[in-house]
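Q: starting from these lines, generate the structure:
(4 chains)
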4 protein chains.
Amino acid sequence: MAQNAPRIAGRHFLQIPGPTPVPDRILRAIAMPTIDHRGPDFGKLGQRVLDGMKSIFKTKSHVVIYPASGTGAWEAALANTLSPGDKVLMVETGHFATLWKTMAAKLGIEPTFIASDWRTGADAAAIEAALRDDKAHAFKAVCVVHNETATGCTSRIDEVRQAIDAARHPALLMVDTISSLASIDYRHDEWGVDVTVAGSQKGLMLPPGLSFNAVSDKALAVSKASKLPKSFWSWDDMIASNTTGYFPFTPATNLLYGLDEAIQMLHEEGLDNVFARHDRHAEATRRAVRAWGLDILCRDPKYYSSVLTAVVMPEGHDADALRAVILDAFDMSLGTGLSKVAKKVFRIGHLGDTNDLTIVGALAGVEMGLGLAGVPHQAGGVTAAMAYLAETKKGTAAKAA
Amino acid sequence: MAQNAPRIAGRHFLQIPGPTPVPDRILRAIAMPTIDHRGPDFGKLGQRVLDGMKSIFKTKSHVVIYPASGTGAWEAALANTLSPGDKVLMVETGHFATLWKTMAAKLGIEPTFIASDWRTGADAAAIEAALRDDKAHAFKAVCVVHNETATGCTSRIDEVRQAIDAARHPALLMVDTISSLASIDYRHDEWGVDVTVAGSQKGLMLPPGLSFNAVSDKALAVSKASKLPKSFWSWDDMIASNTTGYFPFTPATNLLYGLDEAIQMLHEEGLDNVFARHDRHAEATRRAVRAWGLDILCRDPKYYSSVLTAVVMPEGHDADALRAVILDAFDMSLGTGLSKVAKKVFRIGHLGDTNDLTIVGALAGVEMGLGLAGVPHQAGGVTAAMAYLAETKKGTAAKAA
Amino acid sequence: MAQNAPRIAGRHFLQIPGPTPVPDRILRAIAMPTIDHRGPDFGKLGQRVLDGMKSIFKTKSHVVIYPASGTGAWEAALANTLSPGDKVLMVETGHFATLWKTMAAKLGIEPTFIASDWRTGADAAAIEAALRDDKAHAFKAVCVVHNETATGCTSRIDEVRQAIDAARHPALLMVDTISSLASIDYRHDEWGVDVTVAGSQKGLMLPPGLSFNAVSDKALAVSKASKLPKSFWSWDDMIASNTTGYFPFTPATNLLYGLDEAIQMLHEEGLDNVFARHDRHAEATRRAVRAWGLDILCRDPKYYSSVLTAVVMPEGHDADALRAVILDAFDMSLGTGLSKVAKKVFRIGHLGDTNDLTIVGALAGVEMGLGLAGVPHQAGGVTAAMAYLAETKKGTAAKAA
Amino acid sequence: MAQNAPRIAGRHFLQIPGPTPVPDRILRAIAMPTIDHRGPDFGKLGQRVLDGMKSIFKTKSHVVIYPASGTGAWEAALANTLSPGDKVLMVETGHFATLWKTMAAKLGIEPTFIASDWRTGADAAAIEAALRDDKAHAFKAVCVVHNETATGCTSRIDEVRQAIDAARHPALLMVDTISSLASIDYRHDEWGVDVTVAGSQKGLMLPPGLSFNAVSDKALAVSKASKLPKSFWSWDDMIASNTTGYFPFTPATNLLYGLDEAIQMLHEEGLDNVFARHDRHAEATRRAVRAWGLDILCRDPKYYSSVLTAVVMPEGHDADALRAVILDAFDMSLGTGLSKVAKKVFRIGHLGDTNDLTIVGALAGVEMGLGLAGVPHQAGGVTAAMAYLAETKKGTAAKAA
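A: Next up is the predicted model:
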């Protein structure tokens, strides 16, 4: 890689909201020799990761693992449940919700898009109203992005569920958890989600290349009548083959090794500890942003994301210019502003396999970068973050004692 | 992996016709830290692998890389070029050709399937005849599997091209090279192929998880009018984004590291040397099979495959029982007989990153396994293979001197 | 490594009698991040490998681990127990025994060397006679190489012990097991050995860089009066520091990770199974050699080595020329003839992490190489080896059923 | 490793003054398969690393590489040049200088030790005085530790050389650069050093397990008459064997792979850039320490070390208690106070493969840890470090533009 570039010392700070830094243990796992995907050892691996992913989705129903990156699992959710011309209700939480809507339209679905200013989570009341208006039950599904990676707003899926129930509407609930799963608490069964979409490269701490559907019995039943053409994404063959731990076509063996390791690591730490760690790093980051005198894109604390914080640039300053300065000076990657908020925001990822000192280092990179790039701001962000991290660590220590 | 199994010493012999043994260099490459897929280093990697794959396909037109395993690239070939109800001419070379046909039907395509006994390559004369009969040019595409992984028969794509030309038929030529690319000579441009389908886990020596389309200008033009719904597989977005080395959605970063390394390794050895090596190991294997007094499934030497040899079991003996004995006694995986030839054949993979001594070891495993499993055969297979390998090595040495 | 060399496909056959092929699991282990050698995690690792090595040496006394390759452990054995001018009785089993003797002389020790023709093991009767002659007990130690890596003769340490006991001589018994430990049964305590010398790169399946002394209480007591200057090799500091799992100076952390994994792997397979595997591969190799009509350097079956076989070239043929042909044609490394037997023998290593098919592949490389190099021989070596391997595998299978 | 410990997320901060964090590239290099240490590929590797190390030592004379950790290279320096009873002049810069002196005494050398309070570098005037007093030229060598790892004081080897010259004394100059080489500028030839001692696990960014002597022609000549017994450490055999890239006994193959990579990485960055980077991180660290209101152990800026900073605890506070709090709360290892300064100081390593954001993260861990542990200090250390890093980065950027 980059064989002729001048060497930059030390470890790159990958602070985009995914792909996240892959832990050594997982990198070593994916470097194990590829085995026969039809042999007995593979079957055991397959069973283990399928069962393991149920524990991560918190579901007892079905999990499908695709040898494909996350966008594919979006398509799978739509293609397995819908038919050309079907109407779906989608919510414009940001860039990725918009992409999903665009995909639906390309596949011949007719999405209704609840508009938003990209600074908040899905509006459950608006969903409920739309569903109540749909007396004919034309909407076959409600599609929501749990954590909008473009904005740093996390929608309340429990409230969306309540909205659907309150409207007594039979639509399927389909949720994109690509950037939230294994970072923010998520409960497929308890929240009555029908299809959950996920990917490997965020909270699961893997490289990109695997994606997932968690599928309720209701969704599986609905899929039997779906008329969108499908083969690669078809749940039927997958679920049939998966019963013995195998796959209907060649799976991504080495990434599955990594998934096996990742699931084990998440349980070694404990999912609740994983979520609390993300919450803490997110709050530390927001305190830094406020100390700098900059705006957080997400304007309602109810929807603050624990996996990333999108920061609004002062008027007249280009976020991508800042990002370039930071990459050049401090070898840190930050997330770019996408589409509507291009150049207006940058995104700090604080998810996956990270810890307090790395987060402080990352925030220091931003604070020093703001200075180098001549972006108006106040000092003290790192100090504020450290104060919070130390204070809450003290609490933990006290509790432990 | 298999943490509680009793340890088996030494290196597993992975002699299935793919996935193939992944070289250490590639395993180390895919274990490099995941980087920002929107950053400058990634763009350089993207350019390098896209250009590199053109040199492997021997094309100057377009290459598309999917973060998905090979079956996906089949679907991409169909979904990008065809519309519901379109007719295509497909050739039943074996199990994988049949799966591709089944996929076409699932997607709403109407395949005409030229039958075969699974013991030979595609019949170019039959293709020509079918196309000549199709005065209305209803067939939008001719789909052929270059190397049928289930049977060990390699079709002559140059002859198929001549057949289409002779029939003056405008159908696209679509070829599956999943198990042949980078093992058997293949020439996308010279043979006038419109869409070539490939995967990472065979001659490219990678783990599964990447797949490819090589796309002619004609195919790309045709795709503009295609009506099959598509989003993930859509060439348009890919090709547009690829011009700068990036991808429209998250690529499988770490497998791309491996691809970069694989392309470099293939060119270090030289593609012609790679092909010659495969030819030589295939011939050594066939000499062993003949010495054992067993039948090669491919009955016409013109179509012998250089990547695998399917061996017919004597009447009354179960190939899978033999495979189980060999796996248990010698820690070697062989390919199972699929579908029509289940339990009747086993397949010896001799492709990818291998060499003379490994091939002899593999053949010794088969010969000893035949004995242990009580399968009637004659000794001398390994001896015959060694004689051929030594003889041809002498030739090479002489030439070198 | 060798960045500009033309690529050779497949896996190198490393059939020298050490370093042996390092299993993937161990390579991955040594690639774990280096940790603080004074931190709590390190102490646990230290305890584990020190205890583990006792189980491999079959001792309850002391084990010392040096961050140094095997030759260092030879020096440690001498420097800790002897004083300038001390006499020791050593046995000329071959090149390595001679090197150890030369080292002793360099250190100011006076070795008496029992001569041999390099084709047999240590002569216990000659040792007994020499000790009986030494009425004054001038010999402070008897030094024997368990497995002479240069010749493929394994001495009988139990008989050497009996010889010392029969002579009622108080000399220490010091044994070099560099190429035997974890491949051939060895019993430090039961055989009354005082100092056992070992290295990492043979049966322990690690890269070179670690070496060992197992030390009896008697040897430790003797060491208090030893006058050879020593610091790095000093047992005292090591044993004192080791009680808590730490080392008096920086240990070779990453190789210790590998040692931890190696010990676990050996116990997963079971030491007795490991020894039986080596015996079987050695016998297969000897049958091949006999079938070729070539001589085995070790002339007495009682002393046959299970880790390597030294093969005598026909008069007028150069073993190194043969080795060069085999390396060039088949990418296999064989051991060279050393010193007295230079160019007259080549050595086939069949130790460490290997299995039946790899051994057959290796023997095939020799057999084909003999042909390519024009060395007079008969065919059939591989056939003979296969017959033996299959026959004995059948036995195992029967027992299992 | 530590299989049952609860998982701690993110990357450990290894901020001890060595072993240092090993870069991924080097970890992957040492995980390459072990090769025949007598084969042709090995010889090329051997030549490359021997030549490469000359460029790091800045010498045209001899470099010896031991398959042993750093303490061994100390012994080699003494054992090759001295005879029992020889007098040497050593300088008590701190714990490691004291250990070297103790080793000399153990080997039968008679060291004269110039005392120091462990808070400064070697006093060149005192050395000159001692040498002038030694009319009989009894001192055979002057031994100085370049960077005293226990104290964070770096001696001026150029001044030591001038002192020896001024005294017109023929003693050899022997320098320990274990913790300075490849981090702080060092010039074996220019400074007239006779024997330089080095190790792999600091600026060379490797795991421990390799050590080095750079040897002047004068030292090599002197060694011919040295009477200390030696074999493993003997330069003669090494230098003779090294001419072709090989070693007289088994080298630490896989660590040599890493060394090959490390040398390449250092030259990719440029040695002067490497040194400047260390200087900058050291100054940032000192500014943090001063802002906390704590003392730097090194009391004279002339001797400040660029690889570590030892920080003096306020009276009545235990440095090891602080270190334990920091390890527990922030997963960061700091260096302990050794011997005379045990519990009184802790050491911050800022050497090897590191960068600005990691250094800030490390300083944040110290600052937050001081608070958690109740150690009196002022806030603002991290802020001071960031101000310096940003300011000097601006300078660099300006120069680049």
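Q: interface residues of the stretch 1-150 of chain A facing chain D?
A: Proximity of the stretch 1-150 of chain A to chain D (CB under 8 Å from any CB of the partner chain) is limited to residues A:6-11, A:13, A:21, A:23. (C-beta placed from N, C-alpha, C; glycine too.)
Q: ok, the closest residue to chain C within the stretch 51-200 of chain A - contacts?
A: Of all residues in the stretch 51-200 of chain A, A:Ser200 sits closest to chain C, at 20.4 Å by CB to the nearest CB. Neighbour list for A:Ser200: A:69-70, A:206-212, A:255, A:258-259 [criterion: CB atoms under 8 Å, 6 or more residues apart in numbering or on different chains].
Q: can you give me the strands for the stretch 151-300 of chain A?
A: Using DSSP state E, counting those that start in this stretch, the strands of the stretch 151-300 of chain A run over A:153-154, A:172-176, A:195-199, A:211-215, A:295-296.
Q: the first one packs against which elements?
A: Applying 3 or more CB pairs under 8 Å, 6 or more residues apart in numbering or on different chains; DSSP states H and E, one finds that strand A:153-154 contacts strand A:147-148.
Q: likewise the third one?
A: Applying 3+ CB pairs under 8 Å, 6+ apart, one finds that strand A:195-199 contacts helix A:70-81, strand A:172-176, strand A:211-215.
Q: between strand A:211-215 and the second one, find me the angle.
A: What it means is strand A:172-176. 160 degrees (axes from the mean of the first three to the mean of the last three CA atoms, to 10 degrees).
Q: who does strand A:172-176 pair with, and is each partner parallel or antiparallel?
A: Sheet pairing of strand A:172-176 (DSSP bridges) gives strand A:139-145 (parallel), strand A:195-199 (parallel).
Q: distance-wise, check A:Ser339 relative to A:Lys394.
A: Distance, A:Ser339 to A:Lys394, using CB to CB, to the nearest Å: 42 Å.
Q: A:Ser226 now?
A: The spacing between A:Ser226 and A:Lys394, counted by CB to CB, is 54 Å.
Q: more neighbours: which of the two?
A: Relative neighbour count places A:Ser226 above the other of A:Ser226 and A:Lys394, with 20 against 14, counting by other CB atoms under 10 Å in any protein chain shown.
Q: contacting residues around the more buried one?
A: A:Ser226 touches A:79-83, counting by CB under 8 Å, 6+ apart.
Q: with A:Ala68 instead?
A: A:209-211, A:232, B:66-69, B:72, B:232.
Q: what's the closest of the residues you listed to chain D?
A: Of the contacts of A:Ala68, the one sitting nearest to chain D (CB to the nearest CB) turns out to be A:Gly209, at 19.4 Å.
Q: does anything pack onto the helix ranked longest in chain A? Which helices or strands?
A: Assignment by DSSP state H gives helix A:271-292 as the longest helix of chain A. Helix A:271-292 sits against strand A:295-296, strand A:308-312, helix A:356-372, helix A:381-400, with contacts defined as 3+ CB pairs under 8 Å, 6+ apart.
Q: and it, average pLDDT?
A: Mean pLDDT, helix A:271-292: 98.
Q: which one of the residues of the stretch 1-150 of chain A next to chain D is nearest to chain B?
A: Chain B lies nearest to A:Pro21 out of those, by CB to the nearest CB, at 6.9 Å.
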